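In: predicted model and sequence below, questions to follow.
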Amino acid sequence: MEEAADVAERLLLDEVPSELLPPVSIDESNTRLLVDEGYYTEAELGQ
């Protein structure tokens, strides 16, 4: 039987993205990026 620590480590490693992107600041002038990338719809952002 697997140790709890081994299970936790395996789960954590499965959750790590394969590529980290630089952070992007979002304000009212560039919310289009959120829609274009599929994070929100225009309706959700009130556009």
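Out: Everything's here; your move. Since this is a predicted model, take the numbers as computed values, not measurements. Numbering: from 1, shown residues only.
In: going forward, measure contacts between C-alpha atoms and count neighbours the same way
Out: Noted.
In: what's the burial count for Arg32?
Out: Neighbourhood size, Arg32 [other CA atoms under 10 Å]: 17.
In: quick check, Glu42 in contact with Val35.
Out: Yes. In this structure Glu42 lies within contact range of Val35 using CA atoms under 8 Å: 6.3 Å.
In: which one of those two is surrounded by more residues?
Out: Counted by other CA under 10 Å, Glu42 and Val35 do not tie: Val35 has more neighbours, with 16 against 13.
In: any idea which element the more buried one lies in?
Out: Per DSSP states H and E: Val35 is located in helix 32-36.
In: just list what that helix packs against, helices and strands only.
Out: Of the remaining helices and strands, none touches helix 32-36 by 3 or more CA pairs under 8 Å, 6 or more residues apart in numbering; DSSP states H and E.
In: got the CA positions of it in CSV?
Out: Coordinates of each C-alpha in helix 32-36 appear next as CSV, following Å, rounded to 0.1, in the frame of the first residue of the first chain:
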residue,chain,number,x,y,z
ARG,A,32,-10.6,41.6,-24.4
LEU,A,33,-7.7,39.3,-23.6
LEU,A,34,-9.9,37.4,-21.1
VAL,A,35,-12.6,36.9,-23.7
ASP,A,36,-10.1,35.9,-26.4
